[in-house]
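> sequence first, predicted model second:
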Amino acid sequence: MRLEPLHDRFAVVVHDVDLRAVRLYPEIRAAFEEHSLLLFRGQQLDDESHTRLAKLFGPLENREQMAGHDDSFKVSTVSNVESDGSLTPEEALRHLDQQANMLWHTDSTFLPTPALVNLLMATVVPSTGGQTEFVSTRAAFDDAPGELQALLRHSFGIHQLTHSRNQVDPRLINLRHVSRWPDRAWRFVWPNPVNGREAIYTASHAYTVDGMPTDEGAAFVADLLTRCTKPLYRYTHEWTVGDVLIWDERAVLHRGRPWPYDEPRTLKSICCSATAADGLTAVRGGP
Ligand SMILES: [Fe+2]
């Protein structure tokens, strides 16, 4: 296994690994802890091998189960292709819901247990656009003034899925899968328990700061997101079929970019939930 940098602050390409054979998991996990974003090219994961790989990182995220339903796990498909093969119309709520992925975010901060990792694979890519962009919030934390670092270590963001969806279209907040999650409080700094590196932990789902007036908290959260997403912290991934990106939700923010919606695009995604071993206890706030 050979690593090649994609950016000077984080992110590497991992060469010479077939992700269907997961003998190298300890090395992959070590690279994940160190570099936050891993790219593997030319992979051929089906749902079964994708799921097998994800399980090595932690418990598979199953939102239906978290909401109290007895549903079995399914690989998530992020796509504008409907089950009959037609393309999702731009005005459809499903399309608008996916547009919210284009706001800078960390996955699943609105769930009772947030995600540790997303393993995302491209199976259909458009002729142009549709990139996924990442920023290192570890780099953003390192560069922040000491007073801000101290404040962030002792403050909690309040996250709610309706907040990000409302920025795209207010109709989305009435969808059952959007409105069913109550507020969640997470510390603004997630220390990595393996190497001690601290990273800013926030998302477009965060709408205020615990203990601050809502407007003041909203301004703080907006400023923090601007600080984290400066171009100098950013890596933009141009997808090729067979690319797999694995990223550390504790240390990066990401967003999708638009593409011509008369062209199909399909990504397959599996998130694993963070556990105490991943430092979850240190970031959990609230009563
Ligand atoms: Fe996402």
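Happy to help now that I have it.
> pull out the buried positions in the strand ranked longest in the chain.
For the chain, the strand that runs over the most residues, judged by DSSP state E, is strand 115-124. For strand 115-124, a neighbour-count test (16 or more other C-beta atoms under 10 Å) marks 115-123 as buried. Quick note: C-beta positions are derived from backbone N, CA and C, even for glycine.
> ok, residues contacting the helix or strand that it is followed by?
Counting by DSSP states H and E, the next helix or strand C-terminal to strand 115-124 is strand 132-136. Outside strand 132-136, the residues within contact range by C-beta atoms under 8 Å, 6 or more residues apart in numbering are 7, 9-11, 36-37, 104, 120, 199, 228-230, 233-237, 239, 245, 247, 251-257.
> what's the neighbour count on the residue lying closest to Gly130 once chain neighbours are set aside?
Spatially, and ignoring its direct neighbours in sequence, Gly130 is nearest to Trp259 (3.6 Å; C-beta to C-beta, 6 or more residues apart in numbering). Applying other C-beta atoms under 10 Å, we find 18 residues neighbouring Trp259.
> what do you get for Gly242?
Neighbour number of Gly242 under other C-beta under 10 Å is 15.
> confirm it sits in a helix?
No: under the criterion used here (DSSP: H, G, I helix; E, B strand; the rest coil), Gly242 is coil, not part of a helix.
> distance of it relative to Glu27?
In this view, Gly242 and Glu27 are 21 Å apart by C-beta to C-beta, to the nearest Å.
> next: Leu111.
Between Leu111 and Glu27 the distance is 29 Å, computed by C-beta to C-beta.
> and Ala150, by the same measure?
For Ala150, the distance to Glu27 - C-beta to C-beta - is 35 Å.
> then Phe188?
Counting by C-beta to C-beta - Phe188 and Glu27 are separated by 31 Å.
> what about these two, which has more around it?
Phe188 (28 against 13).
> which residue, other than its chain neighbours, is closest to the more buried one?
Counting by C-beta to C-beta, 6+ apart, the residue nearest Phe188 is Leu152, at 4.1 Å.
> just the residues contacting whichever helix or strand that neighbour is part of, thanks.
Under the criterion of DSSP H and E, Leu152 resides in helix 146-153. Under the contact criterion C-beta under 8 Å, 6+ apart, helix 146-153 has outside partners 141, 144, 187-189, 198, 200, 224.
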